[in-house]
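All I have is the shape, not the residue letters:
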C-alpha cells in the first residue's frame, strides 16, 4: 500500500489569497481560520517518492499564514480600540460564546446601531480605556446583528459623517 500526502488549498471568504494547508496521513498542519470556507481543491502526492528541494514547506506555509492572520486581527484590534475611544458609551465584557479564557467583546453604538467585536486576550491591553461591565449589563447584550449588517451599518454611518463634514457651514442667524 502506498502512503500519500494530501495537499489542500482552502479559500476563505475574507482571504484574497487561498490558505494552503497540508495533511500527512491524518496529521493536519493548520489552525482554525475565522471565515466561511468558499472553495476547496486537493491533490495527492506519493510519499514513497523522495522529497525534492522545490517541494513547499507546508508547516512553514501554515505558520506564515497564521502569523499573517494574527497580524491582521491585531491591526483590527488597534482600530476598534481607537473607535471605542472616540465613541461615547463603549463597553467591554467577557465573551460568553468563546470557550477559551480571556476573550472579551467590545460593544459600540455607531449611528444608532450596535457594533461588536471579539477581542483576543493578547489584545486586551488595547482596551484598558473602555468601561468594563458584567455580561448581563444591558449595554453588553448582543442585538443579533450579523457581521454583514454590522459593516452595512458602519458604511451608512461613515457616509453620513462624511456628508456632514463636506456640507457647507450654515450661516449665522
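Good, I have the coordinates. Predicted, not measured: the structure shown is a model, and the values here were computed from it. Residues are numbered from 1 along each chain as shown.

Packing partners of the strand or helix carrying residue 81?
Using DSSP states H and E, residue 81 sits in helix 58-85. Helix 58-85 sits against strand 19-24, strand 27-29, strand 104-110, strand 113-119, with contacts defined as 3 or more C-beta pairs under 8 Å, 6 or more residues apart in numbering; DSSP states H and E. From N, CA and C alone the C-beta is placed, and that goes for glycine too.

any idea how far residue 120 is from residue 74?
Residue 74 is 8 Å from residue 120, where distance means C-beta to C-beta, to the nearest Å.

okay, these two: which has more neighbours?
residue 120 (18 against 13; other C-beta atoms under 10 Å).

what's the pLDDT at that one?
Residue 120 carries a pLDDT score of 95 in this model.

just residue 147 next, same as before
Residue 147 carries a pLDDT value of 94.

repeat for the one 5 residues further on
According to the prediction, residue 152 has pLDDT 95.

what sits against it?
For residue 152, the contact set (C-beta atoms under 8 Å, 6 or more residues apart in numbering) is empty.
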